[in-house]
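K.L.:
structure for the following, please:
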Amino acid sequence: MGVVKDIAVYFWSVWGALVGLFLFVALWEAGHAVYGDFILPAPADALARFGDFVHDGSAVSAASDTAIRAIGGFAVSGLIGSLVGVMAGLSITAARAVRPVVTVLLGIPPIAWIVLALLWFGPTGMTPMFTVIVTSIPITFAGAVEGTRTLDRDLEDMARIFRATRLRIFVDVHLPHILSYLFPAWITALGMAWKVAVMAELLATSDGIGARMATARVNLDMAATMAWIVATVGLLLMVEYLVLEPLKRRTETWRQRPAGHGNSSQMRRM
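P.N.:
Next up is the predicted model:
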């Protein structure tokens, strides 16, 4: 029954997301009715054009190139930002040493990083991946720091009274709390990764979704431009709802329990 309930809750959350998408499409259709095909093509026209791209194989090729760069850069930035953020949250000295670097990374706009990456790596796939990494690290770092600094020390003391080991305290007390801050940061960083990857491809590469959008812009092909935008959003939603959201529900089962039940069950396991 528990598994069935989890599946039902998951699909209910997906349905909520679909309602938001339907509302967006309705607004898109209304905008098309007001401004016409040249400014904003109809959703059906964009989807038809995307179908053409799927049929000729260009959609798979472009999407795979962008996905590798966006997800690869996101994975690297998530790992580095999370680990450094946890260390900074546990140590005031480390926080003081790292925070100026993070401030500098936040202060430099993505377009400046793209220009620097072009000078360093040239028009290659490393340019968008590098840009994704340096622009996403501060987001995951901030989530990790906040999650570590707000740890419940009273709960930790209770675990020690029950003679829990350091590993058990970390797994059952610290990690769930830190992850509750990290998952929103990861989702935000993932969205940033896709946007930055496409922007870098538009300016710096000859492949990927961004490069296809650049070609559509030169040809004044609004339907193709919107089709590639739909492809980008679709890939982002797939990664979020098929990978991150199930992982979040799996690691945050304590949120589904009645108040107080999760902590007591954790204490019993210790």
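
K.L.:
quick check: G51 vs G210, distance?
P.N.:
Counting by C-beta to C-beta, to the nearest Å, the gap from G51 to G210 is 21 Å. All C-beta atoms are positioned from the backbone trio N, CA, C, and that covers glycine.

K.L.:
give me the more crowded residue out of these two.
P.N.:
Ranked by neighbour count (other C-beta atoms under 10 Å), G51 and G210 place G210 first, with 24 against 12.

K.L.:
secondary structure element for that one?
P.N.:
helix 208-218 (DSSP states H and E).

K.L.:
show me where the stretch 151-270 of the chain has helices.
P.N.:
For the stretch 151-270 of the chain, the helices defined by DSSP state H, counting those that start in this stretch occupy 153-161, 166-169, 175-204, 208-218, 222-239, 245-251, 261-269.

K.L.:
domain parsing of this structure, as residue ranges.
P.N.:
The record assigns the chain these domain ranges, following automatic domain parsing: 1-40, 46-269.

K.L.:
now tabulate those in TSV and tack on mean pLDDT.
P.N.:
TSV is the format used below for those (pLDDT from 0 to 100):
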stretch	mean pLDDT
domain 1-40	74
domain 46-269	84
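
K.L.:
just say which of these is most tucked in.
P.N.:
domain 46-269 (a mean of 18; mean count of other C-beta atoms under 10 Å).

K.L.:
would you point out which residue is most central in this structure?
P.N.:
L190 (1.8 Å; C-alpha atoms, centre = their mean).

K.L.:
isn't that residue right up against E240?
P.N.:
Yes - taking C-beta atoms under 8 Å as the definition, L190 is a contact partner of E240 at 6.4 Å.

K.L.:
residue at max distance from the center of this protein?
P.N.:
I161 (38.4 Å).

K.L.:
S136 versus that residue, what's the distance?
P.N.:
Counting by C-beta to C-beta, the gap from I161 to S136 is 40 Å.

K.L.:
same thing with R49?
P.N.:
Taking C-beta to C-beta, one finds R49 at 30 Å from S136.

K.L.:
also S206?
P.N.:
When S206 is compared with S136 (using C-beta to C-beta), they lie 24 Å apart.

K.L.:
show me what contacts L18?
P.N.:
For L18, no contacting residues are found, by C-beta atoms under 8 Å, 6 or more residues apart in numbering.

K.L.:
so which helix or strand takes in it?
P.N.:
Short version, using DSSP H and E: L18 is in helix 2-35.
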